[in-house]
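In: need a 3D model of the sequence below.
(one chain, ligands or ions: 1)
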Amino acid sequence: MSILSGTSIHAQFRLTRQSKGLAPFELDVATELPAQGVTAIFGHSGSGKTTFLRCVAGLERAQSGYLEIEGQVWQDAKQFMPTHKRPLGYVFQESSLFEHLTAFGNLKFAIKRAEEPTSSEDFDRIVSLMGIEPILSRYPKQLSGGERQRVAIARALLIQPRILLMDEPLASLDNARKQEILPYLAKLRTSLDIPILYVSHAVDEIAQLADHVMVLESGKLVAQGALSEVFSRTDLRALSGFDTGAVWQGQVIEREPQWHLAKVACGASNLWVRDVGDEVGTKMRLRILARDVSLSRSEADESSIVNRLPVTILDITPDQDAAMVLIRLASAEQVLIARLTKRSLDTMQLAVGQSLWAQIKSVAIVR
Ligand SMILES: Nc1ncnc2c1ncn2[C@@H]1O[C@H](COP(=O)(O)OP(=O)(O)OP(=O)(O)O)[C@@H](O)[C@H]1O
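Out: Residues are numbered from 1 along each chain as shown. Presented below is the predicted three-dimensional model:
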């Protein structure tokens, strides 16, 4: 996919790190990213995600680097714009709020840093986007982890950045706090017109928030593309395992209140999901984990599973677990992944090109 020049982020960094007693690390990435929506930077621990983000921020200086954000060059062979001059917001794993200032005081501090004066409308919009009106007078120690992060995000936005960088903003939160803050992050995706680079190694977070994904392995870019495209691959080490699964985009087309079910059209395929109150017409993302997909030769009418789709085998890849395989399936124009035992593969004599029925045990709505 080629992105129009001036509306994208061009980043090229080569950085070698040699620390005493540690194996050397090299980041070697050259990429062009869309300057809109959320780009997730995904990979195992130590793959270089934070290093890449720090290079974008100018907190780390690559030995060789080029960075252009929507036509503005921040780094090339001749110049290196220092971090404080880069119009960016940075949200860290642990919110770095000033403890002696209230949430409001922390926000005011950011406003002073903004190049352009922040209008009261902008202030109100950001405060309301993050839902922090009721807590503005509190000090950081009086806030929960999730609330602190929401204030930290608001603070990052108030400097009116051209790009928002987030480094595992949910990593220090427990699951309940994480679930509480995720809807706010999802709102950011739809309400902001600046690009967000979002570092995470949590597949569920990325499935929910990202539009675009870049995958790093040992400092190298091994895959990049639209979320559903990258998540439909089975050849990426970072994505294979228990959480492997396709992400489909869909729209509610029917509801059956009696059974608490909603029918979601994903391209030419329809899936029944739990009705969580979304109106007909609501767009949503569905995550179909490979372990929830099984295969049969016939439609298996007697099965209790409501979601059955005709599919064709695209390819078969060994899983990290020696007993399992990952099978990519074409379902109309979309890709589904099934995780089966090698034994079933052998018993059913499955091969590329065969037509089968996929039975989907469970579909998660990730919105
Ligand atoms: N300050 C440092 N000094 C020496 N080595 C470092 C330093 N910071 C990171 N590294 C090493 O550089 C490599 C890349 O680290 P980086 O933090 O970018 O990875 P990551 O993908 O963000 O990992 P994680 O998910 O664990 O945060 C790792 O091997 C790490 O051990």
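In: what kind of secondary structure is A171 in?
Out: coil (DSSP: H, G, I helix; E, B strand; the rest coil).
In: show the pLDDT at it.
Out: At A171, the model reports a pLDDT of 89.
In: how far away is it from P134?
Out: Using Cβ to Cβ, to the nearest Å, one obtains 25 Å as the distance from A171 to P134. Any C-beta I mention is one placed from the backbone N, CA and C, and that applies to glycine too.
In: same thing with I194?
Out: When I194 is compared with P134 (using Cβ to Cβ), they lie 26 Å apart.
In: angles on the backbone of the closest residue to the ligand within the stretch 151-300 of the chain, please.
Out: Using Cβ to the nearest ligand atom, the closest approach of the stretch 151-300 of the chain to the ligand is made by H201 at 5.1 Å. Torsion angles at H201 (phi, psi; degrees, to the nearest 10) stand at phi -110, psi 10.
In: can you get me a residue count around it?
Out: H201: 17 surrounding residues under other Cβ atoms under 10 Å.
In: need the contact list for it.
Out: F42, G43, H44, S45, K49, E168 (Cβ atoms under 8 Å, 6 or more residues apart in numbering).
In: how about a cut-off of 7 Å?
Out: H201 sits next to F42, G43, H44, S45 when contact means Cβ atoms under 7 Å, 6 or more residues apart in numbering.
In: and stretch 11-25, what's buried?
Out: A11, Q12, F13, R14, L15, F25 (16 or more other Cβ atoms under 10 Å).
In: just to revisit the earlier point, more neighbours, I194 and P134?
Out: The neighbour count for I194 versus P134, taken as other Cβ under 10 Å, is higher for I194 (19 against 9).
In: I figured the more buried one hits M166, correct?
Out: No: I194 is beyond contact range of M166, at 12.0 Å (criterion: Cβ atoms under 7 Å).
In: how about the residues of the stretch 1-150 of the chain by the ligand?
Out: R17, S19, L22, F25, G43, S45, G46, S47, G48, K49, T50, T51 (Cβ under 6 Å from any ligand atom).
In: what pLDDT is listed against T39?
Out: Looking at T39, its pLDDT is 96.
In: quick check: which element contains it?
Out: Here T39, judged by DSSP states H and E, is contained in strand 38-42.
In: what does the very next helix or strand once past that strand contact?
Out: Using DSSP H and E, the helix or strand that follows strand 38-42 towards the C-terminus is helix 49-57. Defining contact as Cβ under 7 Å, 6+ apart, one finds that helix 49-57 is touched by 11, 13, 15, 27, 29, 41, 43, 60, 62, 65, 67, 83, 86, 88, 90, 165, 167, 197, 199, 216.
In: intersection of neighbour lists for I194 and M166?
Out: Joint contacts of I194 and M166 (Cβ under 7 Å, 6+ apart) do not exist.
In: which residues does R308 contact?
Out: Contacts of R308 (Cβ under 7 Å, 6+ apart): E299, A300, W357, A358, Q359.
In: just the buried subset of those, please.
Out: W357, A358, Q359.
In: what about stretch 116-123, how long is it end to end?
Out: Stretch 116-123 has its terminal residues 13 Å apart, counting by Cα to Cα, to the nearest Å.
In: list the buried residues in it.
Out: Within stretch 116-123, the residues that count as buried by 16+ other Cβ under 10 Å are T118, D122.
In: cool, stretch 195-209 as well?
Out: 195-203, 205-209.
In: and for stretch 158-177?
Out: Buried-residue list, stretch 158-177, by 16+ other Cβ under 10 Å: 158-161, 163-170, 173, 177.
In: closest to V151 out of the residues you listed?
Out: Of all the buried residues of stretch 158-177, V151 sits closest to L158, with 10.4 Å by Cβ to Cβ.
In: any idea how far the closest residue in space to that closest one that isn't next to it in sequence is from Q179?
Out: Sequence neighbours aside, A110 is the residue nearest to L158 in space, at 4.1 Å (criterion: Cβ to Cβ, 6 or more residues apart in numbering). Distance of A110 to Q179, computed by Cβ to Cβ: 27 Å.
In: who's more crowded, these two?
Out: Neighbours per residue, other Cβ under 10 Å: of A110 and Q179, the larger number sits with A110, 19 against 12.
In: so which strand or helix has that one?
Out: Here A110 is assigned to helix 103-113, by DSSP H and E.
In: ok so, going back, mind listing what the residue nearest to L158 touches?
Out: Per Cβ under 7 Å, 6+ apart, neighbours of A110: R155, L158, I159.
In: if we go to 10 Å?
Out: G89, T118, I126, A152, A154, R155, A156, L157, L158, I159, Q160 (Cβ atoms under 10 Å, 6 or more residues apart in numbering).
In: in what helix or strand does the fifth one lie?
Out: In other words, A154. helix 145-158.
In: also the first one?
Out: In this structure, G89 sits in strand 88-91 according to DSSP H and E.
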